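1. Pasting a predicted model and its sequence here:
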Amino acid sequence: MTSRGKAWAEVVFLRVLAMVADLAIVAAAYLTAFLLRMNFLAPQWGWRAVGCSFATVATVHLLMLAVCGVYRRSWRQMRMTEVPRYLVAAGLSVVVLVAMRFAMESMAYAYLRPPYTVAAMTAAFASAGMIAVRFAWKHYCLERQRESGLLERTERRFDNTLAARFLMGKCVMVTGAGGSIGSEIVRQVAFAGASKILLVERGENALYEIDRKMTAMCPNVAFVPIMADCGDEEKMDAVFEEHCPKVVLHAAAYKHVPMVEKNPEAGYLNNTQATITLAGLAGQHGVERFVMISTDKAVNPVSVMGKTKEAAERALMNFNRESTTSFAAVRFGNVLGSSGSVVPLFKEQIAKGGPVTVTHPDMKRYFMTVDEAVSLVLQAASRPERAIYTLDMGKPVRIVELAESMIRQAGYLPYVDIPIVFTGIRPGEKLFEELDISEKSCYKTDLAKIYITK
């Protein structure tokens with residue numbers, strides 16, 4: 001069965017399931033109404049007649065709900081603007097049942113129509129129950145809706161005790177501090193007990209936001225906002241001279257493959273040359289540990305972005321041969337929710353009603369959460385190896401399946417409510433990223449799931 005066929009089969013199944021749930025709610029409402037109407041005594045015409053009457057009530061209620069369009073949307077899409085549909089359906093149900101009672105006055109038809117009060121109370125209880133259940137389900141789904149749930153593996157958890165001990169009381173420089181990953185690094189480094197954090201960021205608004213938030217969150221830490229390009233040798237030399245950082249966590253980089261492919265000179269200057277400049281200054285000023293964030297695209301790179309990061313990795317490893325500073329790199333997969341991830345793009349497209357654009361149906365990528373990414377940076381910072389670290393990120397995720405999962409999380413059905421279209425592979429992209437953590441390519445560390453590239 002095709003993806004579209006499966007989607008429509010799922011639509012039918014979910015609508016039938018919703019009707020069954022509503023039938024149970026109507027049954028509970030009907031029984032409650034009858035017990036209240038009869039003062040919790042058995043009706044004089046018998047429970048069999050009550051049961052037959054329920055068949056009529058249930059049929060009328062479900063029919064009115066369908067007429068009012070209640071079953072056009074999934075429960076996750078329940079909003080206050082949908083409530084009038086349920087109230088109108090309840091009102092129409094009462095009108096139809098009262099009309100049936102007028103048309104069938106004889107007691108011989110008692111099994112076909114309930115008393116007026118029972119019809120009214122059933123409608124009120126049932127509509128309230130349906131609305132409450134749908135909002136409760138939506139709230140439950142929203143509580144469970146985390147980006148880590150998009151991974152096809154268990155999220156990695158690391159004990160950052162040693163990292164916190166290493167960073168305690170130190171001055172730490174974080175480049176790209178206003179970015180999605182850099183800002184999380186700043187937050188965790190602050191909580192680890194660093195005495196001073198240099199926020200290096202060339203974007204004014206991003207620098208303002210991270211400085212404002214962190215100053216309010218951690219008043220005991222000295223945050224120094226530095227609006228500068230980390231490749232500006234003169235400026236950064238002055239920063240090292242004034243503040244003497246002991247740890248540098250280098251997160252600043254261009255990471256959008258298509259953009260760097262179209263602007264290779266800028267990609268080289270920012271990803272490679274700026275790293276070399278910063279690493280050289282770190283060595284000159286006696287920095288203890290320098291950790292650069294790299295990418296899985298640096299493995300057998302075909303894109304300009306991947307090649308610039310691979311060149312930066314090689315430069316760092318060369319610095320290790322001649323410097324007392326310990327240099328390392330950490331290879332990331334795609335970080336869920338980061339500015340370079342497809343997740344924010346898919347969220348934006350879903351919010352607009354689609355379509356969601358995927359380059360190729362077989363496109364696969366490795367993904368990790370922001371918590372995993374930052375934990376890996378802190379682990380690398382506190383370890384002694386002068387090496388390239390890689391996280392075991394499990395199996396790669398098909399991008400089209402990620403899109404389908406996000407559409408479902410938003411309360412829609414892929415291919416039915418939100419279309420998915422394939423736009424073709426862009427320049428510099430691979431179908432599959434290579435991440436070899438086998439014994440021939442990597443050493444295992446004493447920490448599970450963290451490897452060192454040979």
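-> Received the coordinates, thanks. Quick caveat, the model's predicted, so the values are computed rather than measured.

2. What residues of the worst-scoring helix or strand of the chain on mean pLDDT count as buried?
-> Sorting the helices and strands of the chain by mean pLDDT, DSSP states H and E puts strand 442-444 at the bottom, at a mean of 73. Neighbour-count burial for strand 442-444 flags Cys442 (criterion: 16 or more other C-beta atoms under 10 Å). No exception for glycine: its C-beta is placed from N, CA and C like everyone else's.

3. Report whether Met173 is found in a strand, as I expect.
-> Yes - counting by DSSP: H, G, I helix; E, B strand; the rest coil, Met173 is part of a strand.

4. That one reaches Val247, doesn't it?
-> Yes - using C-beta atoms under 8 Å, Met173 is in contact with Val247, at 7.1 Å.

5. the more surrounded of the two?
-> For Met173 versus Val247, neighbours defined as other C-beta atoms under 10 Å are more numerous around Met173 (29 against 23).

6. Let me know the pLDDT of the more buried one.
-> Looking at Met173, its pLDDT is 97.

7. mind listing what it touches?
-> Ile197, Leu198, Val200, Val239, His243, Pro245, Val247, Val248, Leu249 (C-beta atoms under 8 Å, 6 or more residues apart in numbering).

8. can you rerun that using 7 Å?
-> Leu198, Val200, Pro245, Val248 (C-beta atoms under 7 Å, 6 or more residues apart in numbering).

9. do you know how far it is from Glu288?
-> Taking C-beta to C-beta, to the nearest Å as the measure, Met173 falls 12 Å from Glu288.

10. What of Ala274?
-> On the measure of C-beta to C-beta, Ala274 and Glu288 end up 21 Å apart.

11. Neighbour count: these two, which is higher?
-> Legend: neighbour count by other C-beta under 10 Å for Ala274 and Glu288, higher for Ala274 (23 against 15).

12. what's near enough to touch Lys307?
-> Pro301.

13. The nearest residue to Glu204 once chain neighbours are set aside: neighbour count?
-> Closest residue in space to Glu204, ignoring its immediate chain neighbours: Met227 at 6.3 Å, by C-beta to C-beta, 6 or more residues apart in numbering. Using other C-beta under 10 Å, Met227 has 16 neighbouring residues.

14. Same check on Pro427?
-> Neighbour tally, Pro427, other C-beta under 10 Å: 11.

15. cool, Thr117 as well?
-> For Thr117, using other C-beta under 10 Å, the count is 12.

16. same thing with Thr272?
-> The tally of other residues near Thr272 (other C-beta under 10 Å) stands at 21.

17. Doesn't it belong to a helix?
-> Yes - assignment of Thr272 by three-state DSSP places it within a helix.

18. Would you mind confirming that it is in contact with Arg314?
-> No - if you go by C-beta atoms under 7 Å, Thr272 and Arg314 don't touch, sitting 9.3 Å apart.
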